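A predicted structure for the sequence below; I have some questions about it.
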Amino acid sequence: MEDVKLMKGNEALAEAAIRAGADAYFGYPITPQSEVIEYLMLERPEHRTGMVVLQAESELAAINMVYGAAGAGKRAMTSSSSPGISLKLEGISYIAGSELPCLIVNVQRGGPGLGTIQPAQADYFQAVKGGGHGDYRLLVLAPSTVQEMADFVSLGFDLAFKYRNPVMILSDGAIGQMMEKVYLPDQIERLTDEQIVEKYGSWATTGKKNRERNIITSLDLKPERHEKHNIHLQEKYKKIEENEVRFETIQCDDADYIIVAFGSGARISQKVVELGRKKGIKIGLLRPITLWPFPKDIINKLADQAIGFMSVEMNAGQMIEDVELSVKGKAPVSHYGRMGGMIPTPSEVLEAVEKDIANIKKLQEV
Amino acid sequence: MTEEIIIAGFGGQGVLSMGKILAYSGIMQDQEVSWMPSYGPEMRGGTANVSVILSDDRISSPIINEFDTAIILNQQSMNKFESMVKPGGLLLYDPNGISHHPERKDITIATIEGAKEASSLKNKKTFNMVVMGAFLKIHPIVKMENIHKGLEKSLPKRHHKLIPLNEEAIQVGMEKVKIIQEV
């Protein structure tokens, strides 16, 4: 039998990090993602692959350790939950400015502030629109299964190194805490300094040998030069937008109403599609896998066939703004969400969908 | 085939591990499974519940509010989950500690004296396996051989010597379950 296990999302992610050939994990515990560091500490990856696992004294320390390791060309990562990610934002902005690859995992809980420990998706804006200061972008992956918690680690590192850009896995307490069947990937060997240079070029601080010094910094006091750096970043982001959009469509082909949802919201919405279709309502689900870059072209295309859209999120309505920007006024877009750690049930979402469809039809008659 | 189950009771009754053994048994017969716990500032004596889904197809939502089967092990859970059993579904409960018995007429209702049977097995921790046996008697969704494999997979090696006792407890549950109302 293949390497199939029943694991929590957080555990699967941790095991996948070891198998992805990660060099270092720096973190600080917080519910509902503490299983990541617990699993790594128990598993002792320093004996398996030589991967370093360290509980830092704070989230700030952890993200700056990632900054340092990434600067040396290492596959470094950190994970936390919402309040902890807020603490890391200064470091994330520095890492983006310095063009360093790394993986940041947010297993979201309800906010704002310390909020609650139950699942939420209220950090969408923070992940997708910036969070930290300056014109930067994170490539954001949204897993909706335990399998994707495992698969997105290696994918995340690959994308991070391809573009020299931080990648975020935006998960939530539900995906982190639940167990599902997971097929674990094969072990990838950790790279040596020579292999890093060979594979990714010589930008990292791997030791100066017959070349100019590599300087890793986000500081440049000359605005002329710094604008050029910003233009370069924007060009890179444009390339990412052109090449890295990922999404899944579920029963969209004949759908005349589309739900857009990600992560655990997409799982609930999948059930809504099932229940709706049993009642003869042709609902489809568009699940963005990358939240940035956002799958706007497919959504715009679906707006030609759908009478309406609903953005189903565990927040007050954040992704709906991107859905509206994608639909470009071709169809009405509404939102259904719960907040503060409450999870919507499939039947309450279906009720909202039915109400919305009735409203749209009423307006069409007028 | 899809079976959507809620197991609910007190923390410490083995609710979460019963769900885990069921899920692992499902994997052993090549099914899709999900195990979604209520998590929170919970502790021994507090309430604990887990939704478990076993399916031949891809599982849509692991978070559900209607169940084919509810396995209820305390009064709070009875109050919360009796109404969430699908019409025609199954409600299995341990009457020990239940003051308000279920009143639904459109579901199958069964009881198992889990706590009593577990103490006659001289190991109170077998409680959850007695209850699981009772459930599997009525809904034989996993084969005994796969439960054996599920136990092997979900128990740490140092506890493997307890597998025969657990299997005995499952048998006891299968024998002692009482169907009160059948639809």
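Thanks, I have it.

please list the residues of chain B that sit near chain A.
B:20, B:23-24, B:27, B:32-37, B:39-41, B:59-66, B:153-154 (Cβ under 8 Å from any Cβ of the partner chain). From N, CA and C alone the C-beta is placed, and that goes for glycine too.

try 6 Å this time
B:23-24, B:27, B:33-36, B:39, B:60-63, B:65 (Cβ under 6 Å from any Cβ of the partner chain).

in strands, which of the residues you listed appear?
B:33-36 (DSSP state E).

any idea which of these is closest to residue B:130?
residue B:35 (20.4 Å; Cβ to Cβ).

does that closest one have beta-bridge partners, and which?
Going by DSSP bridges, residue B:35 is paired in beta bridges with residue A:179, residue B:52.

I figured it hits residue B:52, correct?
Yes: contact status for residue B:35 versus residue B:52: in contact at 5.4 Å, counting by Cβ atoms under 6 Å.

what sits in contact with each of the two?
Contact criterion Cβ atoms under 6 Å, 6 or more residues apart in numbering or on different chains; residues shared by residue B:35 and residue B:52: B:19, B:23.

quick revisit: looking at the ones in strands among the residues of chain B next to chain A, which is nearest residue A:45?
The closest of those, once distances to residue A:45 are taken by Cβ to Cβ, is residue B:35, at 25.2 Å.

the closest residue to residue A:106 other than its chain neighbours and chain B, how far apart?
The shortest distance from residue A:106 to any residue other than its chain neighbours is 4.7 Å, reached at residue A:85 (Cβ to Cβ, 6 or more residues apart in numbering or on different chains). According to Cβ to the nearest Cβ, to the nearest Å, residue A:85 stands 19 Å off from chain B.

how close does whichever residue of the stretch 101-250 of chain A sits closest to chain B get to residue A:34?
Residue nearest to chain B within the stretch 101-250 of chain A (Cβ to the nearest Cβ): residue A:179, separated by 3.9 Å. Going from residue A:179 to residue A:34 by Cβ to Cβ, to the nearest Å gives 16 Å.

cool, residue A:307 as well?
Applying Cβ to Cβ to residue A:307 and residue A:34 gives a distance of 44 Å.

next: residue A:182.
19 Å.

before we move on, what about residue A:250?
With Cβ to Cβ as the criterion, residue A:250 and residue A:34 are 32 Å apart.

just residue A:261 next, same as before
26 Å.

tell me where chain B is predicted with low confidence.
Along chain B, segments meeting pLDDT under 70 span B:40-45.

and the strands in it, which stretches?
B:2-10, B:32-37, B:47-55, B:67-72, B:85-93, B:108-111, B:178-181.

repeat that for the stretch 151-300 of chain A.
Listed in chain order, the strands of the stretch 151-300 of chain A (DSSP state E, counting those that start in this stretch) span A:166-172, A:179-183, A:247-250, A:257-260, A:283-288, A:290-292.

what does the last one contact?
Same thing as strand A:290-292. Against strand A:290-292 from outside (Cβ under 6 Å, 6+ apart): A:128, A:137, A:140, A:142, A:245-246.

so residue A:104 is in which element?
strand A:102-108 (DSSP states H and E).

and the residue of the stretch 1-150 of chain A closest to chain B?
residue A:6 (5.3 Å).

helices or strands next to the host helix or strand of that residue in the packing?
Using DSSP H and E, residue A:6 maps to strand A:4-8. Helices and strands touching strand A:4-8, by 3 or more Cβ pairs under 6 Å, 6 or more residues apart in numbering or on different chains; DSSP states H and E, are strand A:179-183, helix B:15-28.

contact residues of chain A facing chain B?
So far as Cβ under 6 Å from any Cβ goes, chain A lies against chain B at A:6, A:177-181, A:267-268, A:270-271, A:274, A:343, A:345-346.

what do you get if the cut-off is 7 Å, keeping everything else the same?
Within chain A, the positions adjacent to chain B are A:4, A:6, A:32, A:117-118, A:174, A:177-181, A:264, A:267-268, A:270-271, A:274, A:343, A:345-347 by Cβ under 7 Å from any Cβ of the partner chain.

give me the buried entries from these.
A:6, A:32, A:117-118, A:174, A:177-181, A:264, A:267-268, A:270-271, A:274, A:343, A:345-346 (16 or more other Cβ atoms under 10 Å in any protein chain shown).

return the subset of those residues lying in helices.
Using DSSP state H, the members of those that fall in helices are A:174, A:177, A:264, A:267-268, A:270-271, A:274, A:346.

can I get the residues you listed in CSV including pLDDT?
Converted to CSV, those look like this (pLDDT from 0 to 100):
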residue, pLDDT
A:174, 96
A:177, 96
A:264, 97
A:267, 97
A:268, 97
A:270, 97
A:271, 96
A:274, 96
A:346, 94
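
farthest pair within those residues?
Most distant of these, by Cβ to Cβ, are A:177 and A:274, 23.2 Å apart.

for the nearest residue to residue A:258 once chain neighbours are set aside, phi and psi?
Spatial nearest neighbour of residue A:258, chain neighbours left out: residue A:306 (4.6 Å); criterion: Cβ to Cβ, 6+ apart. Phi and psi for residue A:306, reported as degrees, to the nearest 10, are phi -100, psi 140.
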